[in-house]
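Colleague: structure for this input, please:
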Amino acid sequence: MATIQPTMTRVPGSAKGDGSVALYTWTPVTNADTCAPLSFPEANDKCFQVSGTFGSATVVLKGSLDGTTYFGLRDASSTAISLSSADGKVVLENTVYVQPTLSGGDGTQSLKIMLLVHMNNPLRT
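Modeller: Next up is the predicted model:
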């Protein structure tokens, strides 16, 4: 059982080219792993994607304003973000913390979980 920390990659091909787009990746995520929460409230545009071997696991994207109480985040159609196969979703809510969580699974899963974020106020380099 491990806590998987997200790695961050700046997206160089973004239209502005100013570092305002970043990709956070948790991988590999297996049955016994926990994804560490990510705090990025200044990025109010987010896209969530999961790929890999699910092994009957379900990935739910959760958010929190205080880092203690988490709730399920929703996509643009106000449907809870809960993926049991490879897919991607836009994230409706903007929270202080975002955390992917896993449930179920048969021990064979190996997932790549990604969150693309866009900041309205880009980082200055």
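
Colleague: elements contacting the helix or strand bottoming out on mean pLDDT in the chain?
Modeller: Least confident helix or strand, the chain: strand 7-10 with a mean of 92, by mean pLDDT, DSSP states H and E. On a contact count with 3 or more C-beta pairs under 8 Å, 6 or more residues apart in numbering; DSSP states H and E, strand 7-10 meets strand 21-29. Any C-beta I mention is one placed from the backbone N, CA and C, and that applies to glycine too.

Colleague: what comes up buried for the strand it packs on?
Modeller: Val21, Ala22, Leu23, Tyr24, Thr25, Trp26, Thr27, Val29 (16 or more other C-beta atoms under 10 Å).

Colleague: with stretch 93-113 instead?
Modeller: Of the residues in stretch 93-113, those with enough neighbours to count as buried (16+ other C-beta under 10 Å) are Glu93, Asn94, Thr95, Tyr97, Val98, Gln99, Pro100, Leu102, Gly105, Gln109, Leu111, Ile113.
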